[in-house]
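In: can you look at this prediction? I've put the sequence above it.
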Amino acid sequence: MATLQSSIIGFPRIGAQRELKKLIEGFWAGKQTEADLLHGAQALRAKHWQLQRDRGIDQIPVGDFSLYDTVLDTAYLFNAVPQRYQTIPRGLAQYFAMGRGLQGAHPTTGDKVDVPAMEMKKWFDTNYHFIVPEVATDQTFTLSDDPAIVAHLREAQALGIAAKPVVLGPVSFLLLSKVTGTGGATAVSSTAEFDCLSLLPRLLPEYVKLLALLAEAGATNVQIDEPFLGMDFTVGMAEAYRTAYDYLAVDLPASLRLILTTYFERVNNCLDLIKRLPVHGLHIDLVRSPDQIKAALDAVPADWILSLGVINGRNIWKTDLNSALDVVRKVVAQRGPERTWVATSCSLLHSPFSLEFETTLDPEIKDWLAFATEKLDELRVLAVAGASADNAGLDPQVAAVLEANRQSQAARRSSNRVVNPLVQDRLAVVTPDMCRRATPFNDRYPQQRAAQRLPLFPTTTIGSFPQTKEVRQARLKFKRGDLTAEAYDDFLRRETERCVRLQEDIGLDVLVHGEFERNDMVEYFGEKLRGYVFTANGWVSSYGTRCVKPPIIYGDVDRPNPMTVDWSLYAQSLTPKPMKGMLTGPVTCLQWSFVRDDQARSVTASQLALAIRDEVNDLEKAGIRTIQIDEPAIREGLPLRRSDWDDYLEWAVDAFLLSSSSVQDITQIHTHMCYSDFNDIFPAIQRMDADVITIENSRSDLKLLRAFDRYGYHNASGPGLYDIHSPRVPSVQEMNERLAALLEYLPYQLIWLNPDCGLKTRGWPEVESSLRNLTATAAEFRRRYADKVTDAGSQ
Ligand code: MET
Ligand SMILES: [Zn+2]
């Protein structure tokens, strides 16, 4: 029977058991030779291609595999190697130096080298990070003599697999790049104005060469990724697409078909442009943006391939196969089976590898899930069933899968594990004043300060203290059952007490308990909330060889019991100084989990907010009067299209407010943000109305402060006085200077002194020295401002 072509946009390279991570890290540690690494990587690629073939996938990608990052690979492929790495000979040493920096002996001369890594950024709105290509204003590109993608294509062919090369398109490649000066030694100052797209004429001839090599090696379909087609267009982008694809078309080998591939957003606004490009197909993400199918059907020429991204590449739920099939069949009815592909919405890089290893997962919930491997099976079913107009003549096995899927979807929808009427009832009666503090900041802050009886320039930290080997080992032993609950608890109490005593000794004003009991700031809460499950092996790539294992929110979220009150109370019992309660905010819990696909993110966020609100109330009742609700991920939840920002910010800020607004005037709410530039969401940050915001600032420096100034941020703030990401101990002098700079922009009465993030990745000696310097800075500025404080003690 005829089937549609099934296509994978990319496969998780890391391996079922994170084999690639182990290989590469073993190589870095000197435990594996280069040959071991290359062999191991090749074997893993082969395994992944075979897996896809065995599951019946037609369009199997090559070029999606990488030893660090595929954008870095593209830069490397075209020899866009920044000057600072050029003394290192081309090869793995140079490649990894670009990805992660190199500190130590030069691979050939043995001299000392110290080059930092290239910058890393989030890949669109995923939690994967790519390496930002660096180009000079006079950048030249030369295709590598031995392109890895061509070699991989041949490897696949040797296994009898006619794979589909995946290439990052030239326009998107340049749009992801940043300019760092001329290729020469001198940096130019006008680079800010430089448009990387102006390098297109230099880059395109190299793409032509690459395509020729791919054709020569036997490729037919080439997936050319241009995700920026789905983003907001900036000046020159449309022209760049026309220039690029017209150029590539001129000498395009007759055997090649270019499939323009988009994901994460809708392309309906630029279909007029797309349909005129001389390519042979278009892939669209119908999970993120199902509505674009109509416009795409109208626009896409009849002789193109239309690839339907109907299986979610970045979440863990089973596809509703029957609904997806409806979409596929409608398309097939209109344009025939020949040129209609079924595909994953985006690369499966963002999915965990396989459910096979989840032996301890609750079977009811496991039945609702599909990881990358299971998604291959789903795709196969759609490819087979999509070719027939209805279910009548279907192969009984396929029909059975469709029926089982229908039942599984129905079971999930009605399961009482998912629906919790109590949560639904509570949500239904949330009113706008539950998302508003009773009293404006200007009236409540003085009350808080009077109650706290703290000096001017109060000092605090962001929450965590060093998670040393001992802490991690104790947790592991406890989890394995080698340490009793009592012994583990005793250990944590001793760590907490030591941390409190040290903070007292250093002279910090608002103390924290140190977060020793937490493995991760989301997982800790997830484990205590209903509606969350955890996987044993649900790893996804974060950057390089790093993986994360996001928890899964499967049902209505609520908090059966207090989560942090005992630890906060214990810590408070050790000291007369104020102890700050530490919570992770609703938006961050949402962002760093796999979320439900059966309700809007905003609803899940409100449920999380109610759970945190309960915790805030309990902390307050227990006498904790300073409570921090961390929202480091609020910025990264922003939609990719500007026009969607307001809607997100509205519900995200409301969720924070719902979690934080129930308290009395004298209870002080802190929040903390890090990991991004927040300048473009300042009005939203103001609307969050935290009494104090501690915010990462040490890298972006004055930019953030100017934004505070421009948008007139009115509440209190602690822009980080030093960067915790480095083991360096900042001097008093340095912190004095930074504080003096802050004072140019912020009123002295509203400034807090603190590091820019939690201290869990640092060692005790550097933490102690840094914090002693921080309190010395506080002392110095209290002296300088002594005459400004009129009513003693109440400032
Ligand atoms: C990524 S933000 C971290 C905040 C958390 N309270 C900590 O100190 O580790
Ligand atoms: Zn932080």
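Out: Thanks, I have the structure now. Ligands and ions are numbered 1, 2, ... in the order given.
In: and Arg710, what helix or strand is that in?
Out: Counting by DSSP states H and E, the element that carries Arg710 is helix 702-711.
In: mean confidence for that helix?
Out: Helix 702-711 shows a mean pLDDT of 79.
In: does ligand 1 have contacts with the very next helix or strand once past it?
Out: Using DSSP H and E, the helix or strand that directly follows helix 702-711 along the chain is strand 716-719. No - contact between strand 716-719 and ligand 1, assessed by C-beta under 6 Å from any ligand atom, is absent, since the two come no nearer than 12.9 Å. The C-beta positions use only the backbone N, C-alpha and C, and glycine is treated the same way.
In: give me the distance from strand 716-719 to the chain's centre.
Out: 25 Å (C-alpha atoms, centre = their mean, to the nearest Å).
In: check whether that strand comes into contact with ligand 2.
Out: No - counting by C-beta under 5 Å from the ion, no contacts exist between strand 716-719 and ligand 2, the nearest distance being 11.9 Å.
In: in stretch 718-728, which residues are buried?
Out: With burial defined by 16 or more other C-beta atoms under 10 Å, the residues of stretch 718-728 counted as buried are 718-722, 724.
In: can you tell me which residues in the stretch 551-700 of the chain are near ligand 2?
Out: 632, 674.
In: now the helices for the stretch 551-700 of the chain?
Out: Here the stretch 551-700 of the chain has its helices, by DSSP state H, counting those that start in this stretch, at 565-573, 586-591, 601-621, 645-660, 682-688.
In: angle of the longest one against helix 565-573?
Out: What that stands for is helix 601-621. Orientation check (axes from the mean of the first three to the mean of the last three C-alpha atoms, to 10 degrees): helix 601-621 against helix 565-573 gives 40 degrees.
In: do helix 601-621 and ligand 1 meet?
Out: No - taking C-beta under 6 Å from any ligand atom as the criterion, helix 601-621 and ligand 1 are apart, separated by no less than 13.6 Å.
In: how about that helix: buried residues?
Out: Of the residues in helix 601-621, 601, 603-616, 618-620 count as buried by neighbour count, 16+ other C-beta under 10 Å.
In: mind checking how far the residue in the stretch 151-300 of the chain that ligand 2 sits nearest to is from Met120?
Out: Of all residues in the stretch 151-300 of the chain, the one sitting closest to ligand 2 is Lys178 (24.2 Å; C-beta to the ion). Counting by C-beta to C-beta, to the nearest Å, the gap between Lys178 and Met120 amounts to 12 Å.
In: now the common contact residues for the two.
Out: Between them, Lys178 and Met120 share these contacting residues under C-beta atoms under 8 Å, 6 or more residues apart in numbering: Val132.
In: between those two, point out the one with more neighbours.
Out: Neighbours were counted for Lys178 and for Met120 using other C-beta atoms under 10 Å; Met120 has more, 18 against 14.
In: so the closest residue to the more buried one other than its chain neighbours versus Leu321, what's the distance?
Out: Nearest in space to Met120, with sequence neighbours left out and distances taken as C-beta to C-beta, 6 or more residues apart in numbering, is His129 at 4.6 Å. For His129, the distance to Leu321 (C-beta to C-beta) stands at 32 Å.
In: who has more neighbours out of the two?
Out: Looking at His129 and Leu321 with other C-beta under 10 Å, you find the greater number of neighbours at Leu321, namely 26 against 18.
In: identify the residues contacting that one.
Out: 378, 381-382, 385, 401-402, 405-406.
In: for stretch 583-592, list the C-alpha coordinates in PDB.
Out: In PDB, the C-alpha atoms belonging to stretch 583-592 read as follows (Å, rounded to 0.1, in the frame of the first residue of the first chain):
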ATOM      1  CA  LEU A 583      10.600  29.900  46.800                       C
ATOM      2  CA  THR A 584      10.700  29.300  43.100                       C
ATOM      3  CA  GLY A 585       8.100  31.300  41.200                       C
ATOM      4  CA  PRO A 586       5.300  30.000  39.100                       C
ATOM      5  CA  VAL A 587       6.600  31.100  35.800                       C
ATOM      6  CA  THR A 588      10.000  29.600  36.400                       C
ATOM      7  CA  CYS A 589       8.500  26.300  37.500                       C
ATOM      8  CA  LEU A 590       6.500  26.400  34.200                       C
ATOM      9  CA  GLN A 591       9.400  27.300  32.000                       C
ATOM     10  CA  TRP A 592      11.700  24.700  33.300                       C
END
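In: got a list of contacts for it?
Out: 127, 521-522, 524-526, 548, 550, 553, 564, 601, 604-606, 608-609, 611-612, 615-616, 627-634, 636-637, 652, 655-656, 658-659, 671.
In: that older thread, tabulate the buried residues of stretch 718-728 (a markdown table), appending pLDDT.
Out: Conversion of those to a markdown table gives the following (pLDDT from 0 to 100):
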| residue | pLDDT |
| --- | --- |
| Gly718 | 95 |
| Pro719 | 92 |
| Gly720 | 92 |
| Leu721 | 93 |
| Tyr722 | 91 |
| Ile724 | 88 |
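In: His513 is in contact with Ser568, isn't it?
Out: Yes - using C-beta atoms under 8 Å, His513 makes contact with Ser568 at a distance of 6.2 Å.
In: which neighbours do those two share?
Out: Taking C-beta under 8 Å, 6+ apart as the criterion, His513 and Ser568 both touch 579, 582.
In: and these two? Which one has more around it.
Out: A direct count of neighbours by other C-beta under 10 Å for His513 and Ser568 places His513 higher, at 29 against 25.
In: residues near the nearest residue to that one once chain neighbours are set aside, how many?
Out: Residue nearest to His513 in three dimensions, not counting chain neighbours: Ala571, with 3.5 Å by C-beta to C-beta, 6+ apart. The local packing count at Ala571 equals 24, with neighbours defined by other C-beta under 10 Å.
In: what residues does Ala571 make contact with?
Out: Residues in contact with Ala571 (C-beta under 8 Å, 6+ apart) are 496, 500, 511-514, 579.
In: angles on the backbone of the residue of the stretch 51-200 of the chain found nearest ligand 1, please.
Out: Among the residues of the stretch 51-200 of the chain, Asn127 lies closest to ligand 1, at 13.0 Å counting by C-beta to the nearest ligand atom. Phi and psi for Asn127, reported as degrees, to the nearest 10, are phi -100, psi 20.
In: how about it, what does it touch?
Out: 350, 540, 542, 548, 550, 592.
In: one more: Leu37?
Out: 23-24, 26-27, 67, 92.
In: measure it to Tyr68 for me?
Out: 12 Å.
In: give the intersection of the neighbour lists for those two.
Out: Taking C-beta under 8 Å, 6+ apart as the criterion, Leu37 and Tyr68 both touch Ile24.
In: what about Asp787, neighbour count?
Out: Taking other C-beta under 10 Å as the criterion, the count of residues near Asp787 is 7.
In: show me where pLDDT drops low in the stretch 51-200 of the chain?
Out: Per-residue confidence for the stretch 51-200 of the chain (pLDDT under 70) gives these ranges: 181-192.
In: what about the strands in it?
Out: With DSSP state E, counting those that start in this stretch, the ranges of strands along the stretch 51-200 of the chain come out as 61-62, 102-105, 112-115, 120-122, 129-131, 134-135, 164-168, 178-179.
In: per-residue confidence at the residue in the chain that ligand 1 sits nearest to?
Out: In the chain, no residue comes nearer to ligand 1 than Gly758, which is 2.1 Å away by C-beta to the nearest ligand atom. The predicted local confidence for Gly758 comes out at a pLDDT of 96.
In: burial of it, as a residue count?
Out: Taking other C-beta under 10 Å as the criterion, the count of residues near Gly758 is 25.
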